[in-house]
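# fold the following and give me the result.
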Amino acid sequence: MSDKEIWNNLRSGDQKALEQIYRSYFSTLYTYGKRFTKDENTVEDCIQELFVELWNRRTKLSETNAIKPYLLISLKRKIFHTVKKLRKSTDTELEEKYFDIELSIDEILIAKETTTEQKNNLTSAFNELSDRQKEILYLKYYSEMDYNEISRIMDLNYQSARNLVSRALQKLSKHMMIFFLILFKSYPFVQVSE
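Numbers count the residues shown, from 1 in each chain. Okay, here's the model as predicted:
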């Protein structure tokens, strides 16, 4: 069943469609949410609230052909709102300060049993990226999303998303050629130019 069909079933009041969406995307949402806050309870609470809102507002939901980007956008907004509220922050740049991709890179490195020096070099190179660059690389290569989906999630136009990925990869390549070797060995699907 396509995303559009599942979504329309949800909009029609099919509780099994909601359960299917929840089972299909909980792990993805949780992993993505943990990039913005280390507080696991906040992430879980935001996901639960998101699904309660989906059910309660099901008749008002607009159509979509892609559930994953819709959910990621909604969760990201919910987490920012919750974290701001908890911190009583007025910082409008919050979303650009909290994205953490370190875990995903550590998983790649551990899986490939790289040396300590390589881990340190890769960590150093990633620390030089902006949080938006980390997020876009996560969405592009870890979540395997296309530029149209990324554009919607990050509120960028298509070309800006492509440019941001390109700049991030250029910045990494200046410091870490080993990153590309690890990435291409780990993920043969990765395509630098699309």
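
# CA atoms for contacts and neighbours, from now on please.
Will do.

# for W55, give me its contacts.
W55 is in contact with L10, G13, L18, counting by CA atoms under 8 Å, 6 or more residues apart in numbering.

# and the helix or strand where L169 lies, what's buried?
L169 is part of helix 158-175, with elements assigned from DSSP states H and E. Judged by neighbour count using 16 or more other CA atoms under 10 Å, the buried positions of helix 158-175 are A161, R162, L164, V165, S166, A168, L169, K171, L172.

# next one: stretch 139-153
Using 16+ other CA under 10 Å as the test for burial, stretch 139-153 gives L139, K140, Y141, M145, Y147, E149, I150, S151, R152, I153.

# report the rounded mean pLDDT for the helix holding L169.
Helix 158-175 comes out with an average pLDDT of 85.

# who does that helix touch, helix- and strand-wise?
Judged by 3 or more CA pairs under 8 Å, 6 or more residues apart in numbering; DSSP states H and E, helix 158-175 is in contact with helix 116-127, helix 131-137, helix 147-154, helix 177-186.

# off-centre distance for that helix?
17 Å (CA atoms, centre = their mean, to the nearest Å).

# that helix to helix 147-154, inter-axis angle?
90 degrees (axes from the mean of the first three to the mean of the last three CA atoms, to 10 degrees).

# for R35, give its distance to V52.
22 Å (CA to CA, to the nearest Å).

# hey, C-alpha coordinates of stretch 48-60 in PDB?
Extracted in PDB, the C-alpha atoms of stretch 48-60 (Å, rounded to 0.1, in the frame of the first residue of the first chain):
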ATOM      1  CA  GLN A  48       3.400  10.400  21.300                       C
ATOM      2  CA  GLU A  49       1.900  13.900  21.200                       C
ATOM      3  CA  LEU A  50       2.500  13.900  17.400                       C
ATOM      4  CA  PHE A  51       0.500  10.700  16.900                       C
ATOM      5  CA  VAL A  52      -2.300  11.800  19.300                       C
ATOM      6  CA  GLU A  53      -2.600  15.100  17.300                       C
ATOM      7  CA  LEU A  54      -2.600  13.100  14.000                       C
ATOM      8  CA  TRP A  55      -5.500  11.100  15.200                       C
ATOM      9  CA  ASN A  56      -7.400  14.000  16.700                       C
ATOM     10  CA  ARG A  57      -6.900  16.200  13.600                       C
ATOM     11  CA  ARG A  58      -7.200  13.400  11.000                       C
ATOM     12  CA  THR A  59     -10.100  14.900   9.200                       C
ATOM     13  CA  LYS A  60      -8.200  18.200   8.800                       C
END
